[in-house]
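A.B. asks: Sequence plus predicted model, see below.
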Amino acid sequence: MNTIFDHKLAKGVGGLLPALDVPEQGIEKLIPSSLRRTHAPRIPNLSEPELVRHYTHLSKVNYGIDDGFYPLGSCTMKYNPKINEDLARLPGFANAHPLADEDLVQGSLKLLYEASRYLCRIAGLVEVTLQPAAGAHGELCGMFLVKRYFEKRGEEKRKRILLPDSAHGTNPSSATIAGFSVTEIPSGKDGMINLATLEEALDDTVAAIMLTVPNTLGIFEERILEVTNMVHAAGSLCYFDGANLNAFLGRARPGDMGADIFHFNLHKTLSAPHGGGGPGSGPIAVAQSLVDFLPVPRIVKDENRYRFDWNSPHSIGCIHSFYGNFGVILKAYAYLLLLGDTGLREVSENAVLNANYLQESLKQTYPLPYERLCKHEFVLSGKGLGEGISALDIAKRLIDYGFHPPTIYFPLIVPEALMIEPTECEGKETLDRFIEAMERIAAEAKENPRLLHEAPQYTPVRRLDQTRAARQPILTYPFDER
Amino acid sequence: MRYIANTGADRRAMLAAIGLSSLEELFHDIPQEVKDRFQPLELTVRSEMEVAQVLKELVTLNSCQQSSISFLGGGVYDHYIPSVVSHITSRSEFYTAYTPYQPELSQGTLTTMFEFQTLVCELTGMEVANASIYDGASALAEGVLMAKRIVGNGRVAAAQSLFPHYRRVLDTYCWAAGIKVIEIPYTNAGTCDLTALPQDLSSLVIQTPNAFGVIEELKGVKERLKDALLIVVTNPISLGILAPPGQFRADIVIGEGQPLGIPASFGGPFLGLFATRERYLRQMPGRLTAQTVDAEGKIGYTMAIQTREQHIRRERATSNICTNSQLCALAATVYLASLGADGLHELATLNLEKAHYLAQRITALPGYRLAFEAPFFNEFAVRVPTDPQAIRARLKEERILLDDPRFLSALGAPNTLRFAVTEKRTKDELDRLVELLEAM
C-alpha cells in the first residue's frame, strides 16, 4: 500500500487559497522567532488529480456495507440510507456554529429536541442526553450517572458493578474508568443469567448491573423482569447496553423491562454509518430518578422556542465539547421519520427472522453451543471443524468467498466464537449464498485445510504479520528510510 | 419497506425452515407483560421526498447561515473546506465500513489512519499519535487520566485560560477519577502564570493559542515540572507557523481537529487529536495502526498494540474508548494533503495577517485596545469602551456574529470581545466591521 508520503514532497501546487487582500506585515513582525516553527512539517504536496487517485485507490481496497454482506455480530451493519448523507450536508446544518446565539440555530435545537423526545419513547424512559459521542462514551456517561446517584444518596460504599459474562466488551472498562470495580457473573447453561448466582452477588456494595439485552449470545433474558426486580430490591440500578436494540425495535422498550439507564448506538440501530470506526453517537436515556444528574446543557422547549438549560446543580457536568455528534443524530432522526412505527417493527421482525434462518441452516454444519431461538444475532463455534482450524481461518476463507467475516473470538464464553448478525437489510438470496459458502468452508476444512490456513488469497494484501506489528510497531511513516 | 430485501414469500419460506408459523413467534421470549406496555412513536411512514421536506423546513429555522459574517471561534473555526474533502469522505467504501478488524478488507481505512497518525506527529512534533479520539475536550480528559496512570499523582494543574468546554469536560472526568483540578491563573499579558506552580502534580495543562487567542511561551515550562507531564492543547492550523509543542518537550499534545476540513456541524462530529512520546505508548488511549508485512512480504497496515484496548484487556484497559473519529480523521488527512506543507503555511499566514489587520484597525478606534499584549494567531480579545453585549447586539443586526462575551468575563476578562478571523473573511468584511464599530 502506498501512502501520500510515498509521493514526492514537491513544492506547492497552490491555487487553493485566495491571495492576501490586506496589507502584508510579515510573520517575522507578528510572531517572535522563539514561537515560530523552524522546520516545515513533512506534508506532501499532491496535485488534486494525484490526491483523488490515491484515495480512490484506497477506497477500492476497503470493504463497506455498500460492497456486500457484513454480518459482524454486535455491530449491526445495516444499510445507511443515502438521503441521510445529503441531509446532513445541508449548509444550514453543517455550518451551524455551536456557540452561535440560540435564536440563530433554532432549527438545530429543534432537531436535537425532537430526536431526544423520540429516543425517550423508544427507550420507554423519561429523559435523554445526546452528548455521548459513541456507545462506549454513553456507557461511561451512564456509569458517571450511577456514581453521582449514589454520591448524592450518601451510599459511596456501592463501588461494584455486576457484569454478566455475556455482556459487551466495553462494559468492564467503562465501569473501571468511572471508578468502579467489576464483578463478573457467569451465565447459566441456558446462556442466561442464573437468578441464584445473581442473588448471591447482590449486596449493599453493588451500585449497578450492566446488562446487554439481548445478550451477546443473541439470547433474550427471559427472566429480565425478575432480574431487574431483584437488582432494584437490593437498592442497585440497572444499566442496559443498547447495542442490541435492533432485536426488539418497535415492539418492546427497555424502560418496561426495568432499565434505569439505556444507551443507544445511533450508528448501529438507527442507520448512521460507521465511518470506518466512527464517529458514532451514543445517547443515553434515563429513568426519573437519574434525570437531575444528566449532563448539561439540556435542551428545553418554551412554547415555540428552544434553548439550552445550564441550570442543573446536581448534574455530572459535560462529557462532550458541545451537544453531541449533531451530524450523526440528524441521520438517526431522518431514519426514524423515514421508517415510522411500522418500519421500526419491520426492522426487528426481519433482523430476527434472518438471524434465526441462518442459525437454523448453519447449526447442521457448525456447533451451536447455546441452542434456542435467537434474536438479531447468534454465536457458532469454529471448534472441531478440522485439525488446527480456527475461527480466524474460517473468517479469512469467507473473505475469499466475497463476504465480510462475522465477529470472531467474542463473546469469550464460546470457544472459537463466530458471532453472526445479518441485520434486517439482507434478503434470503444473500443469506442462502452465505450459508452455501459456510458449508463449503466446513467441507474444505476437512478435505483441504490449506485453503483455510492460507486464506485470504484474492485480497490486496494477504494475512498480515500481527506479531511484528506489536513487537516493533511502526506507527508513523519511516521518512528516514526512504 | 425500501431498506428490506425480503419479500413476503421469502419470509414464509424462512419461517417454515425455522419451524415457526408466524413472525410473532420469533418474539415469544420477551415477557408478555413487557410487550403489553409497549407504546409506539406515533410516527407514520414517510417517503424520502417528505422527509427531505421536513429537514429542509427545519434548516430554514437556522437563520445563522443567511448571509452572515462569522467571527465566531472559541475552538471551532470557519475555514474553507476544499471540495475534494467531501468527495473522498463520501466514498461509501470508506463511510459504510466498520472498524478495520479484518485488515485484508480494510487497507483503505488502515492506510489513511497511518497517514493521519504521521501527519499529527509532523504537526505537533511528537513521536506517536493515535488514530483520534471523539473530540478535543475528551482527548484532553483522556490525556489527564493517562498522566495520572504514569505519574501516579491525583492532582492536575490546568490553566485558567483553557476554552471553557475543555475545562468542563475535564472537570467531569476528574471528578469521576478522583483527580483534583488546580486552576493556574494568567498574567496581565494573558499567558499562563507559572510563578506559583503547585508541587506534586501528575500534569500541567496549557492551551496555546489560549481562550484569549494568546500564544503561550512554552519554552522552559517542562523544566519546571519535575515528574509531572506537560500537556499542551493546541490548534492544528496554528502549527503551520508556530513551533510544535514537541520542540518544548511536551509529553502529550492534544488538539481539536475540526479546523482541518471538518464542518462546524453544531459541535460534532469532531476530531480529537492525541500525540505523545514513544515511551508512553503503552499507556496511550485510543486506536493505533501500524505498518507491517503480509505473508508474501508486501507492506500492509493493521491495528496494533490492542493489548491496551478494552476488548482485550477488559477492566484493565487504558481507556474504554473503542472507536476513533475515523471519517473525520480521513477528512483531516485529505485536507492536509490537499494543502501540503506550503499550503498549510500559506493558510496559517493568511489567518495571522488578516487577524492582525483587523486587530490593528479596531484598536485604532478610541477606547478600544487589545485585552492582552502577548502575541496571538487568528483570534484575539479586545477591551471595549462600552457594554460588549450592546456592541455585539448591534453587530448582529448587521448579520455580523461574535462570540458571547460572557465566556470571557467568566474567565475574569470583563468588557472584552473576542474575534476569530480565518482566510474566509475578506478585507471588505473586516473594514465593514470596523466601520460599524466606529459608528457606534
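C.D. replies: Looks like it arrived, so ask away.

A.B. asks: For the residue most central in space within chain B, give the beta-bridge partners.
C.D. replies: Centroid-nearest residue in chain B: B:E256, 3.0 Å away (criterion: C-alpha atoms, centre = their mean). Beta-bridge pairing for B:E256 (DSSP bridges): B:G272.

A.B. asks: Verify the stated contact: it with B:L273.
C.D. replies: Yes - B:E256 lies in contact with B:L273 (C-beta atoms under 8 Å); the separation is 7.2 Å. Any C-beta I mention is one placed from the backbone N, CA and C, and that applies to glycine too.

A.B. asks: what touches both of these two?
C.D. replies: With contacts defined as C-beta atoms under 8 Å, 6 or more residues apart in numbering or on different chains, the residues shared by B:E256 and B:L273 are B:G136, B:P236.

A.B. asks: what about the helices in chain B?
C.D. replies: Secondary structure of chain B (DSSP state H): helices at B:8-18, B:32-36, B:48-60, B:83-89, B:92-95, B:107-124, B:136-151, B:164-177, B:310-313, B:326-363, B:388-397, B:406-409, B:427-438.

A.B. asks: Return the most buried member of the ones you listed.
C.D. replies: Of all the helices of chain B, helix B:107-124 carries the top mean neighbour count, a mean of 28, counting by mean count of other C-beta atoms under 10 Å in any protein chain shown.

A.B. asks: For residue 400, the count of nearby residues, please.
C.D. replies: Chain wasn't specified; assuming chain A. Counted with other C-beta atoms under 10 Å in any protein chain shown, residues neighbouring A:D400 total 19.

A.B. asks: wrong one, chain B
C.D. replies: Neighbour count of B:I400, defined by other C-beta under 10 Å: 18.

A.B. asks: what's the closest non-adjacent residue to it?
C.D. replies: B:I69 (4.9 Å; C-beta to C-beta, 6 or more residues apart in numbering or on different chains).

A.B. asks: what residues are up against the one you found?
C.D. replies: B:R399, B:I400, B:L401, B:R425, B:E429, B:R432, B:L433.

A.B. asks: so, if you compare these, which one comes nearest to chain A?
C.D. replies: Chain A lies nearest to B:L401 out of the contacts of B:I69, by C-beta to the nearest C-beta, at 6.4 Å.

A.B. asks: hang on, the closest one packs against A:V105?
C.D. replies: No - contact criterion C-beta under 8 Å: B:L401 and A:V105 do not qualify, at 11.0 Å.

A.B. asks: Comparing the two, which residue is more hemmed in?
C.D. replies: With neighbours defined as other C-beta under 10 Å, B:L401 and A:V105 compare such that A:V105 has more, 25 against 20.

A.B. asks: What confidence value was assigned to that one?
C.D. replies: Looking at A:V105, its pLDDT reads 96.

A.B. asks: how about it, what does it touch?
C.D. replies: A:A96, A:H97, B:N62, B:C64, B:F266.

A.B. asks: quick one: which of those has the most company?
C.D. replies: Busiest of the contacts of A:V105 [other C-beta under 10 Å] is B:F266, holding 30 neighbours.

A.B. asks: In contact with it, which residues?
C.D. replies: B:F266 neighbours (C-beta under 8 Å, 6+ apart): A:F93, A:A96, A:H97, A:P98, A:V105, A:S108, A:F322, A:Y323, A:F326.

A.B. asks: which two in those residues are spaced the farthest apart?
C.D. replies: Across those, no pair lies farther apart than A:F93 and A:F322, at 14.0 Å, counting by C-beta to C-beta.

A.B. asks: Mind telling me what element A:N229 is part of?
C.D. replies: Here A:N229 is covered by helix A:224-233, with elements defined by DSSP states H and E.

A.B. asks: now for that helix, which elements pack on it?
C.D. replies: helix A:195-201, strand A:206-212, strand A:237-241, helix A:254-257, helix B:32-36 (3 or more C-beta pairs under 8 Å, 6 or more residues apart in numbering or on different chains; DSSP states H and E).

A.B. asks: Quick one, which of these gets closest to A:Q25.
C.D. replies: strand A:237-241 (56.1 Å).

A.B. asks: Quick one: residues in contact with the closest one.
C.D. replies: So strand A:237-241 is contacted by A:135, A:139, A:142-143, A:146, A:149, A:167-168, A:171, A:207-213, A:227-228, A:231-232, A:254, A:257-263, A:290 (C-beta under 8 Å, 6+ apart).

A.B. asks: at 7 Å what do you get?
C.D. replies: Applying C-beta atoms under 7 Å, 6 or more residues apart in numbering or on different chains, the contact partners of strand A:237-241 are A:139, A:142, A:146, A:149, A:167-168, A:171, A:207-213, A:228, A:231, A:254, A:258-263.

A.B. asks: quick one, that strand and helix A:224-233 angle?
C.D. replies: 140 degrees (axes from the mean of the first three to the mean of the last three C-alpha atoms, to 10 degrees).

A.B. asks: now the angle from strand A:237-241 to strand A:206-212?
C.D. replies: Angle of strand A:237-241 versus strand A:206-212, following the same axes, to 10 degrees, is 20 degrees.

A.B. asks: residue contacts, B:L402?
C.D. replies: B:F71, B:R392, B:L395, B:L417, B:F419.

A.B. asks: Help me confirm that the first one comes into contact with B:K396.
C.D. replies: Right, B:F71. No - counting by C-beta atoms under 7 Å, B:F71 stays clear of B:K396, with 11.1 Å between them.

A.B. asks: and A:N350, that one's in a helix?
C.D. replies: Yes - judged by DSSP: H, G, I helix; E, B strand; the rest coil, A:N350 forms part of a helix.

A.B. asks: Distance of it relative to B:S92?
C.D. replies: 22 Å (C-beta to C-beta, to the nearest Å).

A.B. asks: repeat for B:Y280
C.D. replies: Per C-beta to C-beta, B:Y280 is found 37 Å from B:S92.

A.B. asks: cool, and A:E200?
C.D. replies: Taken as C-beta to C-beta, the span from A:E200 to B:S92 is 50 Å.

A.B. asks: Got the domain ranges for chain A?
C.D. replies: With domains defined by automatic domain parsing, chain A comprises A:4-60, A:83-338, A:342-468.

A.B. asks: interface residues of the stretch 151-300 of chain B facing chain A?
C.D. replies: In this structure, the stretch 151-300 of chain B approaches chain A at residues B:165, B:168-169, B:171-172, B:176-178, B:215, B:219, B:241-244, B:263-270, B:287-288, B:290-296, B:298-300, judged by C-beta under 7 Å from any C-beta of the partner chain.

A.B. asks: Give the residue spans of chain B that score low on pLDDT.
C.D. replies: B:64-66, B:307-313 (pLDDT under 70).

A.B. asks: per-residue confidence averaged over the helix holding A:N229?
C.D. replies: pLDDT averaged over helix A:224-233 gives 98.

A.B. asks: what's around the nearest residue to A:R468 once chain neighbours are set aside, how many residues?
C.D. replies: Closest residue to A:R468 apart from its sequence neighbours, by C-beta to C-beta, 6+ apart: B:T292 at 5.0 Å. Other residues lying near B:T292 total 24 when counted by other C-beta under 10 Å.

A.B. asks: next one: A:R53
C.D. replies: 12.

A.B. asks: just checking, it is part of a strand?
C.D. replies: No - counting by three-state DSSP, one finds A:R53 to be helix, located in no strand.

A.B. asks: Could you check the pLDDT of it?
C.D. replies: 96.

A.B. asks: How about A:K11?
C.D. replies: A:K11 carries a pLDDT value of 59.
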